[in-house]
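Colleague: predicted model, plus sequence, below.
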Amino acid sequence: MDKIIRKLMMAAACLLLAASADGQEYRNDTLRFDMDLDRRLDTVIFDKAKGIIVCKLSTQAFREIKSMKLIFDGRQSGIEKKGNGFTYTVPHMRAGYHCDFAYSKALKKVQIIGMNRYEFGPANNDGSGESSVNLLTDSYSGIWNYYDMENSRLVEMPTIKRKMVLPKTYLETFDDKIINQYISRCVKLFEKEKADRIGQRKTANFKHSFSDASGKNMVSVKVYNPCDLAAPPWDADKNFIEASLVNRKNTLAVRYDNPAPEMSLIFYDHKEISVQTINGINAVFIPFYYCGNSEDHDKAVSYLIFYNGRSYARHLAYACTKTGCKLQQEQKTIKGLPVALSKHLIKYSNSRHKNKRSFHQD
């Protein structure tokens, strides 16, 4: 990753030095070489005044083949020979791109065969890197970095390789449209890869199974931006827990979105999931907690519950002292739950939370 950044910085420095050289242009405006491979010199001109590229090929009686009007930085943009063709370069201070052209004997046309681009990103180099697309094979490859805000470091992502199909473009139809299409798709690939990697890092998934009279039951629990008790941050822009129960009779789901993730995050210990039998029917209790800005006297536990073909999310508040914890008086019953389930949940929760350490908030 550091090599990529250094490489890009050196390239930018060279571009700036070349642009500032006394009396010299950044790139040659006129190239003379055998482009159509007939052993006679051809001419390629980058006319900056008109904003076009012009080719004069010997096999076509030196007739002018002109591009569409282009948008570029007049001082630094230019053309130079590359292989049997030429490359058109548009560099900026912190980003830039190249477009490679070659002559197709079969088509008797000058066509764009590839593009590559680079970016330095902002001061923290988020989004820095480079990519290329081969327009003959429709192959894209990108090496990009993103800045990990939580750990204050630049992370190099694995090389992104995709199929990228762009319109066949020849010199006479070449303008900024195909470049913008390439850049737009490239940015979307980077953003998706970045989001996927951050999402994987910030999502915790758990699976539990148990059997009863109805057969095998599979419980899945997902926590987005879970709390790590050992290390901050204990806040985020989004935080939720969701669970599902699947058996041969039902597929149930329940989700709770933390309304104040900037204050505290959800903590879930998968070892605390419990299957309780209430009046001959199994109930699944999935307790979770909160870490962050919590006072010693204010403790809370929440439950996702599956019972008798329905799902619930309920919250219990406790007041804790040095001698123990007690359920808040107004929560002696839990609104909206079947009576048997409400009584059992309160009894179960009280038996689990007799001291403040059981809330995982210290």
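Modeller: Arrived safely.

Colleague: tell me the helices in the chain, going along the chain?
Modeller: For the chain, helices defined by DSSP state H occupy the ranges 2-20, 176-202, 339-352.

Colleague: break the protein into its domains for me.
Modeller: What the record gives for the chain is the domain set 2-200, 213-359, from automatic domain parsing.

Colleague: so for the longest one, mean pLDDT?
Modeller: Per-residue pLDDT over domain 2-200 has a mean of 88.

Colleague: same deal with the shortest one?
Modeller: The predicted model gives domain 213-359 an average pLDDT of 89.

Colleague: that one: end-to-end distance?
Modeller: 33 Å (CA to CA, to the nearest Å).

Colleague: how far off centre is that domain?
Modeller: Averaging C-alpha coordinates over domain 213-359 and over its chain gives two centres that are 30 Å apart (CA atoms, centre = their mean, to the nearest Å).

Colleague: over to the longest one?
Modeller: The gap between where domain 2-200 is centred and where its chain is centred comes out at 24 Å by CA atoms, centre = their mean.

Colleague: please begin residue numbering at 17 from this point
Modeller: All set: I'll call the first residue 17, so the last point we hit is now domain 18-216.

Colleague: still on that earlier bit, how about the domains of the chain in a markdown table, adding mean neighbour count and distance to Phe222?
Modeller: No exception for glycine: its C-beta is placed from N, CA and C like everyone else's. Compiled in a markdown table, the domains of the chain are given as follows (neighbours: other CB atoms under 10 Å; distance: least, CB to CB, whole Å):
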| stretch | mean neighbour count | distance to Phe222 |
| --- | --- | --- |
| domain 18-216 | 16 | 15 |
| domain 229-375 | 16 | 4 |
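
Colleague: now those domains in TSV, with distance to Lys223?
Modeller: Supplementary listing: the domains of the chain in TSV, determined by distance: least, CB to CB, whole Å:
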stretch	distance to Lys223
domain 18-216	16
domain 229-375	5
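
Colleague: Asn140 touches Leu170, doesn't it?
Modeller: Yes: contact between Asn140 and Leu170 holds when scored by CB atoms under 8 Å: they sit 7.2 Å apart.

Colleague: show me the contacts for the closest residue to Leu245 other than its chain neighbours.
Modeller: On the basis of CB to CB, 6 or more residues apart in numbering, the spatially nearest residue to Leu245 that is not a chain neighbour turns out to be Cys307, at 5.7 Å. If a contact means CB atoms under 8 Å, 6 or more residues apart in numbering, then Cys307 has Cys243, Leu245, Trp250, Ser280, Leu281, Phe283, His376, Gln377 as its contacts.

Colleague: beta-bridge partners for Tyr334, please?
Modeller: For Tyr334, the beta-bridge partners are Lys315, Leu343 (DSSP bridges).

Colleague: so it sits right up against Lys342, yeah?
Modeller: Yes: taking contacts as CB under 8 Å, Tyr334 lies within contact range of Lys342: 6.4 Å.

Colleague: before we move on, the earlier item: any idea how far Phe375 is from the residue nearest to Leu245?
Modeller: Separation of Cys307 from Phe375 (CB to CB, to the nearest Å) stands at 9 Å.
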